[in-house]
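>>> sequence below, structure please.
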Amino acid sequence: MNKVPRLAVERRLDRFRSAAAAAGVKLTHQRLEIFHEVASSLEHPDADAVCRAVRKRVPTVSIDTVYRTLWMLNDLGLVTTLGPRRERVRFDANLDQHHHYVCVHCGLARDFESAELAALRVPASVQELGRVITTQVEVRGVCSRCARTEGRISPRGKAR
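You can find the predicted model right below:
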């Protein structure tokens with residue numbers, strides 16, 4: 001599995017420690033392990049993937065603890081979510097301006113940067129709906145690995 005560079009993970013952990021202290025949130029071993037898993041992954045893991053990975057180090061962690069911790073991290077502004085909430089929600093600790101590529105077949109999610117997309121102006125019609133806090137573009141397609149098996153995948157990413 002691809003990993004985030006160690007220094008970036010350390011910066012994210014420092015941000016977590018500071019935000020937790022400011023919010024009066026207790027830094028438990030399980031919370032640190034859960035955040036570390038998200039902060040060190042390029043995969044944008046969902047709660048089930050985080051739980052499986054953390055259980056290798058902390059066998060007693062429950063899926064409920066993982067979900068509660070991930071939503072607490074989201075409330076503290078330490079992670080964001082990707083994708084529509086009706087599907088499995090994925091979490092991302094990279095708070096730098098970036099966008100996402102998501103494979104509609106296998107679910108691979110990767111960050112990418114684009115000066116052109118970052119410079120897009122939010123239309124007035126969106127601003128009339130409320131205050132815009134952040135914008136991200138989510139590009140959906142078929143990744144290179146899945147494209148190799150293209151004969152078995154429809155244009156919408158569903159197996160034939």
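
>>> contact partners of the helix or strand of the chain with the lowest mean pLDDT?
Scoring the helices and strands of the chain by mean pLDDT, DSSP states H and E places strand 80-82 at the bottom, with a mean of 84. Contact with strand 80-82 is made by 44, 74, 89-92, 95, 100, 102, 109, 134, 136, 138, as judged by C-beta atoms under 8 Å, 6 or more residues apart in numbering. In this view, the C-beta of every residue, glycine as well, is placed from N, C-alpha and C.

>>> again with stretch 6-20
By C-beta under 8 Å, 6+ apart, stretch 6-20 touches 4, 25-27, 31-32, 35-36, 39-40, 73, 76-78, 93, 95.

>>> now do stretch 33-42
Taking C-beta under 8 Å, 6+ apart as the rule, stretch 33-42 contacts 1-4, 8-9, 12-13, 16, 45, 50, 53-54, 57-58, 61, 65-66, 69-70, 73, 78-79, 91-93, 110-111.

>>> beta-bridge partners for the one residue sitting closest to the centre of the chain, please?
Nearest residue to the geometric centre of the chain (C-alpha atoms, centre = their mean): residue 92, 2.3 Å. Beta-bridge partners of residue 92, counted by DSSP bridges, are residue 80.

>>> so what's it up against?
Residues in contact with residue 92 (C-beta under 8 Å, 6+ apart) are 38, 44, 79-82, 100, 111.

>>> mark which of those are buried, thanks.
The neighbour-count test (16 or more other C-beta atoms under 10 Å) marks 38, 44, 79-80, 82, 100 as buried among the contacts of residue 92.

>>> and this structure, what are its domains?
Here the domain assignment for the chain is 6-91, 96-152, based on automatic domain parsing.

>>> where among the ones you listed is the average confidence lowest?
Within the domains of the chain, the stretch with the lowest mean pLDDT is domain 96-152, showing a mean of 87.

>>> quick one, helices of the chain?
Taking DSSP state H as the test, the helices found in the chain are 6-23, 29-39, 47-55, 63-75, 115-118, 124-127, 144-147.
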